[in-house]
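J.: Below: sequence and its predicted model.
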Amino acid sequence: MREDQLPEVHDAEIVLALAIIDSPEGGRDIWAGMGSGLYRSKDNGVSWTSAYDALALDQPLATTAVAAAPLDESRVSLFAGVPGAMLASSDGGASWHVAGLGAPPPVVSAIAVSPGYTRDGTVIAATLEDGMIRSTDRGQSWASNNFGLLDLGVLSLAISPAFTKDEMIFAGTDTGLYVSSNGGRAWRELDSASELTSIQGLALSPCFGDDGTLFAATENRGLWRSEDRGGTWSACAGEFNDRATIQISLDPSFPARSRLVLLTDEAVFWSGDHAATWSMLPGTLARGVTTFVVDDWGSDPPSIFAGEAGGQVVRIGSCPPVGVL
Amino acid sequence: MTRSRKTPKHGYRVVGQPRASAAFHDGVRQMVAAIAPTLGPLPKVVAIAPVAGIRAPELLDDGGTIARRITDLPNRDADMGAMYLRSMLWRLHQKAGDGTATAAVIFDAVYTAGRRYLAAGGSAMRLRHFIDQGLKEIVEHIGALAVPVGPRQQLTQVANTAGADPLLAGMLGEIFDIVGEWGTVEIRSGYVRELERSYVEGMQWEGGILSSHLLTDATAREARIEEATVLASDFRFDGPDDLVPVMELVIRHQREALLITCQSISDRAIAFLVANQKPGTPRVIAVRTPDAGSTMMNGLTDLTVLAGGRPLTIAAGDSPRAVRIEDLGRVRRAWANQDYAGIAAGAGDPRALRRHVVALKTAARGNIDPEMQAAHARRVGRLVGGTAVLWVGAPTASELKHRKAVAERTARVMRGAISDGIVPGGGSALHGCQEALRARMGCSHDTDERAAYSILLEAVAAPMQVLAANAGLELGTRIPRLALLDAQHGIDVRYGTVVNMVEAGIIDSAAVLISATRTAVSSAALALTIDLLVHTEHPEEVLEP
């Protein structure tokens, strides 16, 4: 196991969001949103640089959500949620467009980019106070779209891989699960998911358009699964029934490759059999992992970058790739 | 000397058979003849002469409006039939917003075929009974065909079918795609010629700010506050003494802004608020209580479900001097202008909001009074997200009035489509009922029952035939036999081709089609039982010695 530590800015640092994307320059970029700002690593977490130098900030800018998507062959669009604003960059943070979200400033809890982003420019973001916001111009402007959303405190968000056809988005709140089938313009509550509350994490199968499979991680009811686009739900694996589940991630080759990774309040777990059984990822027990992003699905077990409450990003997995440290 | 006086005597003229049915039918035929040509995507236009003056005739292609314009026929016996049908069509027009031409064609088919059977000696009462039975089959079949209305494009197609022009249909398609079945849609006269729409998030109500001195933006003529505490009441603030306890409470709890809803606030109280608008004191907006009047309690209840707190009313014995902090709600944003006030992102319990919305939806669906249904639906709309406003513009005042009426009618149709789904249009859904009706007819040995199903078979085929005729198509020569078409397929009369109707965008609102069919068939069946016509005559002047 290799540990790579981000520069600590203040004592109460915490990693709030992580994202990985292939860099147009080769290799991968890892983005870490923290209480002190947004950081970038081009070397698998060995070293980090602030992505906010261009903003010339005189105090830390907490970054609560981050997402990235290819803009074209040579550029990547990067989105960062900060209190009261959404930031967008298409040059790796060299410059930023700041879109204010109005007063009083909401906290952005999650960002999801349309699979058809290069064509439709659509990005959806969730906030803890003002519900859902949506941009159709690559993050230049944002508008609220909360018709039908009875709970404006949105904790989690997932966009359908088949979004260009089905326009489906799921939003998890403290009191229920909502779905939009018109690209986020309006929402309706899924009555079938009435047992799901405090929905901290959502993940859709890469083949959602065909298999209709999605998972919901709840704070006090464990992990749940639907195989009919949210029509019906069943609890997964008894061992998580009373545990807080926080984040769920599916293998890009799911369901063909049956791997999932799940963050709970205790540790990070993984499954190699479609969530039938789970094993703890070594080195994650009682580590205070706050968020993760999967580094290598193909390794056994999958290796991850885990963000911790102390402000560290730790690489956890079986085989460290060549070139790290 | 004789004196004359008017004797309050009313005479009656009774018209019996066979003249009664023949005249009644004549009136029905004349009304249908004026409306049937408007059925379909290639309607003929009906010219209606003005009642007085030398204005140009009015050109109409909407069945409901045409029916309304025809107020009487010269022949009083025929007029009865015409007015009977007119009344039915106008009620349908008001309730469903569309379907009047279809209803007229179905009515005519049932009544004409029914009269033929009765002339041959059938029983009108038994016939009516069996027609009503068969109607249930038809309604069930249409209901089974209904599918949820899909993306925005289909909503636009529904609006097109309901008679909206393409621009209006597109705008309404977008609006209903966002607000859904329960969303509040207000249709207002615009200030420009074009169509415009805006979306107001959160709950808003008429009434507005109670004093322009409280505006925070004089240019925009509005007031906006954030992180506001909400006093949801119907109080009358007569002076500063009424406001001081509330202000002290809010300051004590370090609240930054206050929204007050009340019935009235005196100039002295306003002056007190304005004088105290300084750094360190809460910014205050005072607005009219939501839904002032008989439904005020509903408005206050909705506001407190969204914002938290509880309604404070004079009738309940509440007083500004006895308000506690837990009686007050909170919202992230509140605003008001001269005409409206609103809130967004309230701190009310989402679970309580959900229960409240469910209760209102249940009340709306269970209420047979259309006004009460609409009132409940409006409340649901403003609770679940906000209000869409469609500003309707047109080059002239009369066109504006017409376009606004079309928008309102189309909005009703679209709500029904979202609520009850869509079916293949062009008469296909009705035409597809024939198989089920034939099966029921085949199982019966009762003459009147078989006659009823035979009549209904003619009725469900009629709309498609009239549609084709209006488009100038001769069915059977250019088009394959209609009997071969299933419920999903029909004739695109614009091109004379057989298509899958839903895929081709030729769709009907299930709610409108069911309403039109049910109204027409049951009204026609009832009309077949009419045996006498009775006219009232004017009182005559009488000379008395």
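T.: Perfect, I can see it now. Predicted model only: the values in this text are computed from it and were never measured. Numbering: from 1, shown residues only, chains lettered A, B, ... in the order given.
J.: can you pull out the strands in the stretch 251-400 of chain B?
T.: B:257-262, B:264-265, B:283-288, B:329-337, B:340-346, B:386-392 (DSSP state E, counting those that start in this stretch).
J.: do you know how far the most centrally placed residue in chain A is from residue A:317?
T.: Centroid-nearest residue in chain A: residue A:110, 6.2 Å away (criterion: Cα atoms, centre = their mean). Taking Cβ to Cβ, to the nearest Å as the measure, residue A:110 falls 25 Å from residue A:317. The way it works is simple: take the backbone N, C-alpha and C, and place the C-beta from them, glycine included.
J.: What of residue A:37?
T.: Noted for residue A:37: a distance of 26 Å to residue A:317, by Cβ to Cβ.
J.: which of the strands of the stretch 251-400 of chain B has the lowest average pLDDT?
T.: Among the strands of the stretch 251-400 of chain B, strand B:386-392 carries the lowest mean pLDDT, a mean of 88.
J.: Using PDB, write out every CA atom in it.
T.: In PDB, the C-alpha atoms belonging to strand B:386-392 read as follows (Å, rounded to 0.1, in the frame of the first residue of the first chain):
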ATOM      1  CA  GLY B 386     -44.000  26.400  -8.600                       C
ATOM      2  CA  THR B 387     -45.900  28.100 -11.300                       C
ATOM      3  CA  ALA B 388     -45.500  28.300 -15.000                       C
ATOM      4  CA  VAL B 389     -46.800  31.400 -16.700                       C
ATOM      5  CA  LEU B 390     -47.700  31.500 -20.300                       C
ATOM      6  CA  TRP B 391     -48.000  35.000 -21.700                       C
ATOM      7  CA  VAL B 392     -50.200  34.900 -24.800                       C
END
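J.: ok, and what's touching that strand?
T.: A:146-147, B:168, B:171-172, B:175, B:178-179, B:183-192, B:195-204, B:344, B:381, B:400, B:403-404, B:407 (Cβ atoms under 8 Å, 6 or more residues apart in numbering or on different chains).
J.: Mind checking which of these are buried?
T.: A:146-147, B:168, B:171-172, B:175, B:178-179, B:183-185, B:187, B:190, B:195, B:197, B:199-204, B:344, B:381, B:400, B:403-404, B:407 (16 or more other Cβ atoms under 10 Å in any protein chain shown).
J.: Secondary structure of the residue nearest to the centre of chain A: a strand, I assume?
T.: Yes: counting by DSSP: H, G, I helix; E, B strand; the rest coil, residue A:110 is part of a strand.
J.: Thought residue A:157 was touching it, still the case?
T.: Yes: at 4.0 Å, residue A:110 counts as touching residue A:157 under the criterion of Cβ atoms under 8 Å.
J.: Need the residues touching each of the two.
T.: Joint contacts of residue A:110 and residue A:157 (Cβ under 8 Å, 6+ apart) are A:125-126.
J.: What count of nearby residues applies to residue B:289?
T.: 25 (other Cβ atoms under 10 Å in any protein chain shown).
J.: Could I have the CA atoms of the helix or strand hosting residue A:210 written out in CSV?
T.: If you go by DSSP states H and E, residue A:210 is part of helix A:208-211. The C-alpha coordinates for helix A:208-211 follow below in CSV (Å, rounded to 0.1, in the frame of the first residue of the first chain):
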residue,chain,number,x,y,z
PHE,A,208,-28.8,0.7,-17.4
GLY,A,209,-30.6,1.3,-20.7
ASP,A,210,-31.0,-2.4,-21.1
ASP,A,211,-30.8,-3.9,-17.6
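J.: Can you point out the buried residues in it?
T.: Residues A:208-209 are the ones in helix A:208-211 that count as buried (16+ other Cβ under 10 Å).
J.: follow-up on the earlier one: filter the buried ones among the contacts of strand B:386-392 down to the ones in strands?
T.: B:184-185, B:187, B:197, B:199-201, B:203-204, B:344 (DSSP state E).
J.: need the contact list for residue B:127.
T.: Here residue B:127 is in contact with B:114, B:117-118, B:448, B:451-452, B:455, B:525, B:528 (Cβ under 8 Å, 6+ apart).
J.: mind redoing it with 6 Å?
T.: Residue B:127 sits next to B:448, B:452 when contact means Cβ atoms under 6 Å, 6 or more residues apart in numbering or on different chains.
J.: Kindly report the same for residue B:162.
T.: Residue B:162 is in contact with B:98, B:410, B:413, counting by Cβ under 6 Å, 6+ apart.
J.: Could you rerun that using 10 Å?
T.: Counting by Cβ atoms under 10 Å, 6 or more residues apart in numbering or on different chains, residue B:162 makes contact with B:62, B:96-99, B:168-169, B:172, B:406, B:409-414, B:416-417, B:508-509, B:512.
J.: again, but for residue B:302
T.: Residue B:302 neighbours (Cβ under 10 Å, 6+ apart): B:203, B:205, B:232, B:290-291, B:295, B:311, B:348, B:353, B:356-357, B:360, B:378-380, B:382-383.
J.: one more time with 8 Å, if that's ok
T.: Taking Cβ under 8 Å, 6+ apart, we find residue B:302 in contact with B:203, B:290, B:356, B:379, B:382-383.
J.: before we move on, what about residue A:83?
T.: Per Cβ under 8 Å, 6+ apart, neighbours of residue A:83: A:62, A:64, A:105-108.
J.: Chain B: which of the residues you listed is nearest?
T.: For the contacts of residue A:83, the closest approach to chain B (Cβ to the nearest Cβ) belongs to residue A:106, at 8.2 Å.
J.: got the contact list for the closest one?
T.: Counting by Cβ under 8 Å, 6+ apart, residue A:106 has contacts A:83-84, A:127-130.
J.: element containing it?
T.: Using DSSP H and E, residue A:106 sits in no helix or strand.
J.: And the pLDDT for it?
T.: We note a pLDDT of 96 for residue A:106 in this prediction.
J.: swap in residue B:479?
T.: Looking at residue B:479, its pLDDT reads 54.
J.: cool, residue B:246 as well?
T.: 96.
J.: residues near it, how many?
T.: Per other Cβ under 10 Å, the neighbour tally for residue B:246 reads 23.
J.: near chain A, which residues of the stretch 301-450 of chain B?
T.: Contact residues (Cβ under 8 Å from any Cβ of the partner chain) of the stretch 301-450 of chain B with chain A: B:332-333, B:345, B:350-351, B:353-354, B:357, B:384-386.
J.: about what we covered before: let me have the strands of the stretch 251-400 of chain B in a markdown table, extended by distance to residue B:370.
T.: What follows is these, written out as a markdown table (distance: least, Cβ to Cβ, whole Å):
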| stretch | distance to residue B:370 |
| --- | --- |
| strand B:257-262 | 29 |
| strand B:264-265 | 33 |
| strand B:283-288 | 27 |
| strand B:329-337 | 31 |
| strand B:340-346 | 25 |
| strand B:386-392 | 20 |
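J.: which of those sits most buried?
T.: strand B:257-262 (a mean of 26; mean count of other Cβ atoms under 10 Å in any protein chain shown).
J.: So what's the residue count around residue 36?
T.: In the absence of a named chain, this looks at chain A. By other Cβ under 10 Å, neighbour count at residue A:36 equals 23.
J.: nope, chain B please
T.: 24.
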